[in-house]
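Asks: Provided below for reference: sequence and predicted model.
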Amino acid sequence: MYTFIVIQLLLFNSICAISFFKTKKEVKKDLGAVIGIDLGTTYSCVGIYKNCHVEIIENDQGSRITPSFVGFTSNGERLVGDAAKNLLTTNPESTIFHMKRLIGRQFDDPMVTHDIKMFPFKVIEKNGKPFVQVYTGLEEKLFTPEEISAMVLSRMRQIAERYLGQNVTNAVVTVPAYFNDAQRQATKNAGTIAGLNILRIINEPTAAAIAYGLDNLNKKDGVKNILVYDLGGGTFDVSVLALDNGVFEVLATNGDTHLGGEDFDTRVMDYFIKLFKKKSGHDIGKNIRSIEKLRREVEKAKRILSSEHETRIEIESFVHNQDFNEKLTRAKFEELNIDLFRSTMAPVRQVLKDAKLEIFDIAEVLLVGGSTRIPKVRQLIKDYFDGKEPARSINPDEAVAYGAAIQAAILSGEECTSDIVILDVNPLTLGIETKGGVMSEIIPRNTPIPIIYTKPYSTTEDDQTSMDIKVFEGERSMTKDNHFLGHFVLSGITPAPRGEPQIDVTFEIDVNGILNVTAKDRDTGNKNNIVINADKNQLSQKQIVRMVKDAQKYADEDKKIKDRIESRNNLEAYVYALRNQLKKPNTFLERLSSTDKTTLGNAIEKEIEWFELNPQASIDELKTNISNQHKITTTPSIDKFFNHKKRRLSEDVQQECITTIIQENFDILSSPLLSSNIHLNESNSDDYDDMIVLRQILENIFVQLENEQHIFYTSSIIDKNNHLISTDNSSIDMIETENINDNDVSMSLNDLLHDIISPNTSYKNLIDNEMCCSLTYIPINRPPCVKISIPGVQFITDQELKFVDQQRSLLNDDIWLPDGAGGESKPSSTWFTAARAI
């Protein structure tokens, strides 16, 4: 069973809905044994949850970790794990490793270019992707990184099957938290190739936190913030989680998917290669066998230095029958890598900032991954957290597989895990490109997943029949500075003036962090979608780190550019929408005289011409231009409708506020996923409570508007402590001006509220008499959402007014206005719309 938390935002005649899924105990079909696999860059590990505890399973050599290596002998035999790693020094060209650094990447990724120079095996380009070319003893073959990873996953599966004595087909696999969509999908594909049904892709720091938290479920010490520092063989992640009585909520994540123990080894190898050349005159830079011998011994030395202060590296017949014999001290190792060690502190600072936490808010620091055994790394963490000792209750090598096994148990319905809930997040902001190359954010970074978010857009040209939806990820305001994920075209849009078609763009991130984007035309029902997967041109991980840094560095510059473009788009959209309204019958402009209509029409055409001649106009120029046009078009009747002077609402407008009901059919609200509309009748005993809810919402709207510069109240308008259905005779003045005193009043709160909804008025009568608004109930224990539309309140600007309460949003609304491909719909100044999730 799922519990849904739905936050609904009524946005420009639509609703953006966010759905958070909180997984509790579910009735599961029999999945058999479900294993948890930590698919690491250098080593992998597998675990199973049995009899209410986790078993990390040993391989044939009695080790609980297995090298992520695949090798081919001269007679064609394939080796995986320890045997393959042992092959590295004798047959390096046919020994493949570090596929985690290639999986889901493009061949031209700078990190791929860097890595293939270090590999003893050959990596070639095919269809823009990296392929491993290897001689298998019989022939040369090409393998994708997914295929090699699948061989490692198959080996982990075999280890589990030998231990369990039964076939295994289901698994949970971990990935770095900063893996992008393509890398996650590619990892899932590797599981499929290995014959495994990947039930869930889970982030490594999250898995480690689960491993720690399982031993702390019964401790009633409230919410506990945990920072997971995960430094493995090839990747680095840091996450902050809140642990509260079995609920694991990821607050923020950061990291570098190209930093780990292998990089530390490379620094030491480079040092010794140069030292050996200086002493012997031999350059082993292109001697693959010698390099791999050195790599093996450097890794051993690194492990020894975690407990000793010095060690010796000795290699017989290193090159040209010459031996290698050098001392390596812990101090030298730290000197060679200190900049890399310190570079891990920047993500730690950023993740705390993103989580809105201070150092003293962190209760525990968990060190995960073999590289956290390095004393200098541990010391840096300890110093950063003011001497706090990192937790030592979990094995750094096994913690991730341990947590993956617990997640596997949750999915298979194990009784002992019924109290555990896991809420993860997406690592980067996701959005689409709108007019002018502006990044329209749809799902912010560090948003809990899985999530579905729908946002409305519209066309930018008259009679536009198709829309190119371009999807991006990144933290910058302009799409040119972010990373392109993919695009698709929505066709069959009904020809109409710009801004009128209503296109809903939905982003859905599943529990594995994989993105699906859908666009739907409300009018025709036409829709199209794209799944962003490994076949798309995905983001370089180095770019991810750069994006976040650039976003901070260029935030002010980005804001200026974005503000200029959006100001132009909004103003241009308003002018076009006004022109469309002027041409239509039965609009609010119908009351203008023919002379005023002509004056306004001429001004609109001049404005459109000015836009075309001044594509790079600044915000100040836009303001000056619209001010000049205002002077030209100002007449008493035009002024009446555009609220350029201090005025009071006329009696007919007041009457419209009371008697008009907006009867629009919201596709999103009526969809099976989000809600259905249920209108109550007079016989329903809940009518009275419903009216109280409606009245409360209306009063809360005015309370929240009290501090807005465009809305003014008398000081005693609402006593927040009074019962909400009591009659309030205070007055409300809604006039756009800079100087209003408390005596400027135009309608009473009673007129607007009490007469609309009183304790003696049934909900059925409200609907029958079309007096106020529609009440929408959302089933499945979700909060009700009320939409109130009051026509005639013309002073509210295009500014979005938001409720302080995180479950409420207030936005002004009128005509759907265009802003891009498809641009965000922007409100003009004639309708007032509000929604609140109770």
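Replies: Okay, I see it. Numbers count the residues shown, from 1 in each chain.
Asks: just the buried positions in stretch 405-415, please.
Replies: By 16 or more other C-beta atoms under 10 Å, the buried positions in stretch 405-415 come out as 405, 406, 407, 408, 409, 410, 411, 412, 413, 414. C-betas here are computed from N, CA, C, even on glycine.
Asks: same question, stretch 379-395
Replies: For stretch 379-395, the neighbour count (16+ other C-beta under 10 Å) marks 380, 381, 384, 385, 388, 390, 394, 395 as buried.
Asks: tell me how many other residues crowd the closest residue to residue 564 other than its chain neighbours.
Replies: Sequence neighbours aside, residue 619 is the residue nearest to residue 564 in space, at 5.5 Å (criterion: C-beta to C-beta, 6 or more residues apart in numbering). Residues near residue 619, counting by other C-beta atoms under 10 Å, number 15.
Asks: which residues does residue 619 contact?
Replies: For residue 619, the contact set (C-beta atoms under 8 Å, 6 or more residues apart in numbering) comprises 563, 564, 567.
Asks: next one: it from residue 437, what distance?
Replies: Applying C-beta to C-beta, to the nearest Å, the value for residue 619 to residue 437 is 17 Å.
Asks: coming back round to it: of the buried residues of stretch 379-395, which pair is most distant in space?
Replies: Based on C-beta to C-beta, the longest span within the buried residues of stretch 379-395 runs between 384 and 395 and measures 22.8 Å.
Asks: now for the helix or strand residue 273 falls within, which elements pack on it?
Replies: Following DSSP states H and E, one finds residue 273 within helix 261-280. Counting by 3 or more C-beta pairs under 8 Å, 6 or more residues apart in numbering; DSSP states H and E, the packing neighbours recorded for helix 261-280 are helix 288-304, strand 322-329, helix 330-343.
Asks: if we go to 10 Å?
Replies: The helices and strands touching helix 261-280, judged by 3 or more C-beta pairs under 10 Å, 6 or more residues apart in numbering; DSSP states H and E, are helix 288-304, strand 310-319, strand 322-329, helix 330-343.
Asks: buried ones in that helix?
Replies: Buried, per 16+ other C-beta under 10 Å, within helix 261-280: 261-269, 271-273, 276.
Asks: measure how buried residue 527 is and give me the count.
Replies: Other residues lying near residue 527 total 14 when counted by other C-beta under 10 Å.
Asks: so what's the closest residue in space to it that isn't next to it in sequence bridging to?
Replies: Excluding its sequence neighbours, the residue lying closest to residue 527 (C-beta to C-beta, 6+ apart) is residue 520, at 3.9 Å. Using DSSP bridges, the bridge partners assigned to residue 520 are residue 504, residue 527.
Asks: isn't residue 456 up against residue 502?
Replies: Yes. Between residue 456 and residue 502 a contact is recorded at 6.0 Å, counting by C-beta atoms under 10 Å.
Asks: quick check: which element contains the residue lying closest to residue 105 once chain neighbours are set aside?
Replies: Nearest non-adjacent residue to residue 105, counting by C-beta to C-beta, 6+ apart: residue 112, 5.3 Å away. Counting by DSSP H and E, the element that carries residue 112 is helix 110-116.
Asks: same thing with residue 484?
Replies: Using DSSP H and E, residue 484 sits within strand 483-490.
Asks: and the helix or strand hosting residue 353, what does it pack onto?
Replies: Element membership for residue 353, per DSSP H and E: helix 345-354. Helix 345-354 sits against strand 224-231, strand 236-244, strand 247-256, helix 375-384, helix 541-553, with contacts defined as 3+ C-beta pairs under 10 Å, 6+ apart.
Asks: any buried residues in the second one, and which?
Replies: Residues of strand 236-244 classed as buried: 236, 237, 238, 239, 240, 241, 242, 243 (neighbour count, 16+ other C-beta under 10 Å).
Asks: now the third one
Replies: In terms of neighbour count (16+ other C-beta under 10 Å), strand 247-256 has its buried residues at 247, 248, 249, 250, 251, 252, 253, 254, 255, 256.
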